[in-house]
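>>> Next come a sequence and a model predicted from it.
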Amino acid sequence: MKKDKTKIEKKKDSLPLKDVIGHNLWALRQIHSASGGFIAIQLFTCIYFAVAEFIVDSWLLRHVLNRFQEGNASARELVITIALIYACHFVLWYVRNAVANFVMPKMRVRITSRITKNLFEKSLAADLACYEDPDFYDKYVKAMDEAASRIYGVLNTLCNLIEVIVMVLANGILLFTIDWYLVFFTAFPIFFGFLRKKELAVYYRYVADQKPIDRRKQYIRRTFYLNEYAKEMRLTDMQDSQVQTFRGLYGDYKKVLRKHGPLRTFLGFIGEFSGDVITSVGAAVYAVYLAVVKKSILIGDCAVTINAISQLGWVLNRSVTDFAGFTEHALYIRDMRDFLDYDPKIKEDPEAPVPTPGVICFENVSFTYFGAKDKVLDNVSFTLEPGKRFALVGCNGAGKTTIVKLLLRLYDPTEGRITLDGVDIRTLRLSGYRALFSVMFQDYKCLSMTVAENVMQGPTSAQDRPTVEHALRESGVFDKIETLPQGIDTTLTKEFDPEGAVLSGGETQKVQLAAVFAKNAPVAILDEPSSALDPIAEYKVFESMIRATSGKLVLFISHRLSSAVLADTVLVMEKGKLVQCGSHKELLADSHSPYAEMFNRQAENYFSEEVEA
Ligand code: ADP
């Protein structure tokens, strides 16, 4: 596995310039393919504002003031031009804030949605073995966490840089011809910090309103990439419910934008505009004093100097961080690309035949987990016939769950093969093959969705209600669910709904069992279906399991050997080997067999517990 071509290699945290450029260009291509006009709008906006600001603040002002001083312009012309400058400025800043608070977030939503969808699809396709590779997992989590912000980061950094270049060029040329005074006036915008404070308070409320939406988004993301959900997300339709909810969240996000966007735009405009007005007016008045009273400089030159100095100081300072930003983005994007380029070993082949239920055979199957030295399964062979019940028993760590994982093609055998009616399951259509099974895993967790969705393991409709209710009755938890505030429509967990239900371990297990009954697949697999149940509940669960799965192939793992009595065939595992196979009676016949010893030991313990009780 270590030499596997599909494995993502560990890479260094520094990059040659060529790669930095390559990864940053890749990010721009992603933005372009998600929303064609986005880059153009961003670049146009930043160049437009940089040039417009220079023309309005510096060139126009200087031109008109100098003309006035030289006696080439009337006072009326001067007043009109200054009024025009402020009107232009007003419009410029207002439009800029509107673009930043309305237009851009909307486009970002579209792009994030697309990037996240690609990552979701990729994460579902990733082999389960990847979860055991820490290097892969790091990149996986980083890709999910950083994807959108890093991709935008590239564009923002690029825009900042373009702005810097435009401003440095324009103001640099201007200052080259004028001496610089009046730097004092650059301090004026600081006095308008209080307005910025108000704006930040609004921003804080905006973030607070957005938090629950973000938390929900994070939760859904987790269900797509955390190991604990990986099996169910691959084998059921729960992913559809999650994707649906995820899409709905973007509607909520737009509402928050509508609620806070106008005030943020207004305050942002007032704060920035006022600072700008005072700086310009103050500098202009002082410049007029110098030029008219002291006659030491020209009025226009003085005014543009102030503006140029304040702009230059700000952008040059920022440009240092901007350059470093490209390398930082490239490192994250490299990891994200590695993750997206990963080619899973177990994947859907649309050309492969769709299987029908049949006889399943393990033929000399051995298996070693990624990074482990020892085999977890060693030359295991057995046959599972349709319509029969099989119990898989053995001590902890014997390899029972691993057999189930191989059976479901969450992993492929390291040696040997598994066949369905004589055909290697690796040659069958993955989705069609997995659809033959309904599974309840030992470590299954109910998702924060309604009871009905958990039972149907995906989105539900009104037609599903009888199926859900019947399945819950069969698993013996319907009475409890009926007492919940919204019955089968009650959300499980309180993570997002204060009225949500928190079920006990046993009740949760029964909901999961109901999911197996509801799916009604030809093969039912139950890994420790009664581990959280008391003996009476366990007896009832097994009774209903037999009823609900009659005529199907059932494979169940159970530590309590009393339930093995219900199986047609018992498979006994010991340290990765199949040591016995036969009916309960046959296996008990030899009182020294591993099964008989285990059975008698459990019977004794159970008896002594009863006596002590
Ligand atoms: P059982 O279901 O019989 O309790 P498992 O099949 O879960 O046993 O595990 C068999 C062995 O494989 C155990 O020693 C366990 O520690 C190991 N194992 C299980 N899963 C992994 C994994 N993902 N990576 C490495 N080892 C694992």
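In hand now; what should we look at? Small disclaimer: the values here were computed from a predicted structure and weren't measured.
>>> Not counting its neighbours along the chain, what's nearest the residue nearest in space to the middle of the chain?
Relative to the mean C-alpha position of the chain, the nearest C-alpha, by CA atoms, centre = their mean, is the one of R221, at 3.1 Å. Spatial nearest neighbour of R221, chain neighbours left out: M144 (5.6 Å); criterion: CB to CB, 6 or more residues apart in numbering. (C-beta placed from N, C-alpha, C; glycine too.)
>>> Tell me the pLDDT of that neighbour.
At M144, the predicted lDDT confidence score is 75.
>>> That one touches T223, doesn't it?
No - judged on CB atoms under 8 Å, M144 makes no contact with T223 at a distance of 11.2 Å.
>>> Let me know the average pLDDT across the one helix or strand Q602 maps to.
Of the helices and strands defined by DSSP states H and E, Q602 is found in helix 594-612. Per-region confidence: helix 594-612 scores 66 on mean pLDDT.
>>> re the thing from before, what distance separates the helix or strand containing the residue nearest to R221 from the middle of the whole chain?
The secondary structure element spanning M144 is helix 134-177 (assigned by DSSP H and E). Between the mean C-alpha point of helix 134-177 and the mean C-alpha point of its chain there is a distance of 23 Å (CA atoms, centre = their mean, to the nearest Å).
>>> Enumerate the residues of the stretch 401-550 of the chain near the ligand.
401-402 (CB under 6 Å from any ligand atom).
>>> Neighbours of the closest residue to the ligand within the stretch 1-150 of the chain, how many?
Distances from the stretch 1-150 of the chain to the ligand, computed as CB to the nearest ligand atom, single out E132 as the nearest residue at 5.0 Å. By other CB atoms under 10 Å, the residues close to E132 number 16.
>>> Same check on G397?
Other residues close to G397 by other CB under 10 Å number 12.
>>> and it, that one's in a helix?
No - with DSSP: H, G, I helix; E, B strand; the rest coil as the criterion, G397 is assigned coil and is not in a helix.
>>> what pLDDT does it get?
90.
>>> Report the separation between it and the ligand.
With distances taken as CB to the nearest ligand atom, to the nearest Å, G397 is found 4 Å from the ligand.
>>> Need the nearest residue in space to that residue, chain neighbours excluded.
Nearest non-adjacent residue to G397, counting by CB to CB, 6+ apart: K575, 8.0 Å away.
>>> Am I right that that neighbour is in contact with A398?
Yes - under the criterion of CB under 8 Å, K575 lies in contact with A398, with a separation of 6.4 Å.
>>> More neighbours: those two, which one.
Between K575 and A398, counting by other CB under 10 Å, A398 is the more crowded of the two (22 against 15).
>>> okay but the more buried one is in contact with V579, surely?
No - counting by CB under 8 Å, V579 is not a contact partner of A398; they are 9.2 Å apart.
>>> Quick check: neighbours shared by these two?
Contact criterion CB atoms under 8 Å, 6 or more residues apart in numbering; residues bridging A398 and V579 by contacting each: M573.
>>> quick one: the nearest residue in space to G387 that is not next to it in sequence from the ligand, how far?
Spatially, and ignoring its direct neighbours in sequence, G387 is nearest to G551 (5.7 Å; CB to CB, 6+ apart). G551 sits at a distance of 27 Å from the ligand (criterion: CB to the nearest ligand atom).
>>> tally of neighbours for V292?
Other residues near V292 come to 10 when the count uses other CB under 10 Å.
>>> And the pLDDT for it?
As summarised for this prediction, V292 has a pLDDT of 71.
>>> before we move on, what about the one 10 residues further on?
For C302, the pLDDT comes out at 72.
>>> can you tell me which helix or strand it belongs to?
Counting by DSSP H and E, C302 is part of helix 299-341.
>>> thinking again about what came up before, spit out the contact partners of the residue nearest to G397.
Applying CB under 8 Å, 6+ apart, the residues contacting K575 are 378, 397-399.
>>> Tell me the spacing between it and L43.
Here K575 is placed at a distance of 64 Å from L43 (CB to CB, to the nearest Å).
>>> cool, V141 as well?
Using CB to CB, one obtains 32 Å as the distance from V141 to L43.
>>> for D127, same thing?
Per CB to CB, D127 is found 40 Å from L43.
>>> between those two, who's got more neighbours?
Each of D127 and L43 has its neighbours counted (other CB under 10 Å); D127 has more, 22 against 14.
>>> Just the pLDDT for the closest residue to that one other than its chain neighbours.
Of all residues not flanking D127 in the chain, P344 sits nearest, at 4.9 Å (CB to CB, 6+ apart). We have a pLDDT of 88 for P344.
>>> same question, the one 10 residues further on
The predicted structure scores V354 at 94 on the pLDDT scale.
>>> Can you tell me the SS state at it?
Secondary structure for V354, judged by three-state DSSP, is coil.
>>> pretty sure it contacts R429?
Yes - V354 lies in contact with R429 (CB under 8 Å); the separation is 4.8 Å.
>>> Which one of these two is surrounded by more residues?
More neighbours surround R429 than the other of V354 and R429, with 16 against 11 (other CB under 10 Å).
>>> isn't the more buried one right up against P353?
Yes - A contact is recorded between R429 and P353 when judged using CB under 8 Å, the distance being 6.3 Å.
>>> Give me every residue in this structure lying close to the ligand.
Within reach of the ligand by CB under 6 Å from any ligand atom, the chain has these residues: 132, 369, 372, 376, 394, 396-402.
>>> Let me know the pLDDT of the residue nearest to S366 when sequence neighbours are not counted.
In space, S366 comes closest to E415 once its chain neighbours are excluded; the distance is 4.0 Å by CB to CB, 6+ apart. On the pLDDT scale, E415 is placed at 96.
>>> Kindly report the same for L200.
The confidence metric pLDDT takes the value 63 at L200.
>>> Check D138 too.
Per-residue confidence at D138 stands at 69 (pLDDT).
>>> Next: L195.
Model confidence at L195, given as pLDDT, is 61.
>>> And Y152, by the same measure?
At Y152 the predicted local distance difference test score is 84.
>>> how far away is it from T223?
24 Å.
>>> Show the contacting residues for A548.
Taking CB under 8 Å, 6+ apart as the contact definition, A548 lies against 471, 474, 517.
>>> rerun at 10 Å
Applying CB atoms under 10 Å, 6 or more residues apart in numbering to A548 gives the contacts 470-471, 473-475, 513-514, 516-518, 520, 524, 554.
>>> what do you get for R389?
524, 545-546, 549-550, 552-556, 564, 566-570.
>>> Can you flag which of those residues belong to helices?
Helix and strand membership here follows DSSP state H; of the contacts of R389, those in helices are 545-546.
>>> Which two among the contacts of R389 are spaced furthest apart?
Greatest spatial distance in the contacts of R389: S550 and V570, 19.1 Å, computed using CB to CB.
>>> If you count surrounding residues, which of those two has more?
Neighbour totals were compared for S550 and V570, and V570 leads with 26 against 10 (other CB under 10 Å).
>>> and the gap between Y411 and K575?
Per CB to CB, Y411 is found 19 Å from K575.
>>> before we move on, what about M545?
Counting by CB to CB, the separation of M545 from K575 is 28 Å.
>>> Tally up the residues packed near K388, please.
The local packing count at K388 equals 14, with neighbours defined by other CB under 10 Å.
>>> Leaving out chain neighbours, which residue sits closest to it?
Counting by CB to CB, 6+ apart, K388 lies nearest to D568, which is 4.5 Å off, once chain neighbours are set aside.
>>> And for V64?
Nearest residue to V64 in three dimensions, chain neighbours excluded: T81, at 4.3 Å (CB to CB, 6+ apart).
>>> is it true that the one you found touches R62?
No - at 11.2 Å, T81 and R62 do not qualify as touching, with contact defined as CB atoms under 10 Å.
>>> if we can go back for a sec, residue contacts, the residue nearest to K388?
385, 387-391, 554, 582-584.
>>> now those: which count as buried?
With neighbours counted using 16 or more other CB atoms under 10 Å, these contain these buried positions: 389-391, 554, 582, 584.
>>> Closest one of these to the ligand?
A391 (12.8 Å).
>>> isn't there a helix covering the closest one?
No - applying three-state DSSP, one finds A391 to be strand, outside a helix.
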